[in-house]
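Participant: Dropping the sequence and predicted coords here.
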Amino acid sequence: MADPLHQFKIQPLVDFGAVNLPVFGHTQLAITNSHVAMTVAFVAIVLFLQLVTSSAKVVPGRLQTAGESLFDMIDGVTDSIIGHDGRKYFPFVFSLFLLVLVMNLLGMFLSFTATSQLAVTVTFAALTILLVIGVGFLKNGLGFFKLFWPASAPLVLRPVVGAIEFLSFLLRPVTLALRLFGNMLGGHVALKIFAGFVVALGAGAFVGEGLGLWGLPIAALSMTMVVALTALEFLVAFLQAFVFAVLASIYLNDVVNLGEGH
């Protein structure tokens, strides 16, 4: 049975050789399957948005309806969570949502899923938390540190609660990255394992090896699991993108409306 982890291996498709870079030192330059997957996702998003905007009509078609539904959904998320300033941060949250969603969905059709790579999810999480910190200081100055000083808690408990809040803030990018990475990795591994059972047991039944004909019922059960997991993976692909957008909005709200109780 094929290695279920092989699908996550980054492989060079076009090798440009090694170069010496000032900071990174001896570095191998290549176009990899990861580059291709992310590029395809980017191009697909640009083409989708272009088609939606260029074919906009008073009575929307299916494509325009899909685009407007995604737009309205994320606009509703930023508006309801961040408030009147939500429109300022909508482009960032919407871009994150589309990138994660399309990369997740493409992983169901391509042999490589970009969001199953920790480097990709860490990058998204780092961009989010850096924006949160930047907005926090630009909007509140040193008042940003009020985020870690809970005024509603008893004075004697504030240092303890503040330390917990600070640790929680530091863990935000970690949980953002690991949640997306873990869900995409685990789902694709499970799908690969059950698909491998179908092939191995089905082939064994026809050539008289392994469990023989007794393997057919197990292969049929595995095939049922493959179909069920495939449907679940499409749902997870959407939910993980939506959760990422919601959490990014929540973290932005903490600094945009600091102390306002929004």
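Facilitator: Noted; the coordinates are in hand.

Participant: all strands for this structure, in order.
Facilitator: 12-21, 25-32 (DSSP state E).

Participant: And these: which comes nearest residue 48?
Facilitator: strand 25-32 (23.5 Å; CB to CB). For glycine as for every other residue, the C-beta is placed from the backbone atoms N, C-alpha and C.

Participant: So for the closest one, what gets flagged as buried?
Facilitator: residue 32 (16 or more other CB atoms under 10 Å).

Participant: which other helices and strands contact that strand?
Facilitator: Applying 3 or more CB pairs under 8 Å, 6 or more residues apart in numbering; DSSP states H and E, we find strand 25-32 packed against strand 12-21.

Participant: can you redo the strands of the chain as JSON lines with distance to residue 45 and mean pLDDT?
Facilitator: JSON lines is the format used below for these (distance: least, CB to CB, whole Å; pLDDT from 0 to 100):
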{"stretch": "strand 12-21", "distance to residue 45": "22", "mean pLDDT": "82"}
{"stretch": "strand 25-32", "distance to residue 45": "20", "mean pLDDT": "81"}
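
Participant: Mind putting those strands into JSON lines with distance to residue 229?
Facilitator: Shown next, in JSON lines, are the strands of the chain (distance: least, CB to CB, whole Å):
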{"stretch": "strand 12-21", "distance to residue 229": "28"}
{"stretch": "strand 25-32", "distance to residue 229": "27"}
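
Participant: quick one, which of the ones you listed is nearest to residue 4?
Facilitator: The nearest among the strands of the chain, by CB to CB, is strand 25-32 at 20.0 Å.

Participant: Just checking: what are the partner strands of that closest one?
Facilitator: Next to strand 25-32 in the sheet, as set by DSSP bridges, lie strand 12-21 (antiparallel).

Participant: got a list of what the residue minimising distance to the centre of the chain touches?
Facilitator: The centroid of the chain falls nearest to residue 100 when counting by CA atoms, centre = their mean (4.1 Å). Each residue near residue 100 by CB atoms under 8 Å, 6 or more residues apart in numbering is listed here: 115, 124, 180, 240-241, 244-245.

Participant: what does residue 69 give?
Facilitator: If a contact means CB under 8 Å, 6+ apart, then residue 69 has no contacts.

Participant: One more pass at 10 Å, please.
Facilitator: When contacts are counted by CB atoms under 10 Å, 6 or more residues apart in numbering, residue 69 touches residue 60.

Participant: Against residue 189, how distant is residue 3?
Facilitator: According to CB to CB, to the nearest Å, residue 3 and residue 189 sit 10 Å apart.

Participant: Of these two, which one has the most company?
Facilitator: Relative neighbour count places residue 189 above the other of residue 3 and residue 189, with 15 against 10, counting by other CB atoms under 10 Å.

Participant: So what's the residue count around the nearest residue to the more buried one once chain neighbours are set aside?
Facilitator: Excluding its sequence neighbours, the residue lying closest to residue 189 (CB to CB, 6 or more residues apart in numbering) is residue 4, at 4.8 Å. Neighbours of residue 4 under the rule other CB under 10 Å: 16.

Participant: I'd say residue 4 and residue 191 touch.
Facilitator: Yes: if you go by CB atoms under 10 Å, residue 4 and residue 191 touch, sitting 8.5 Å apart.
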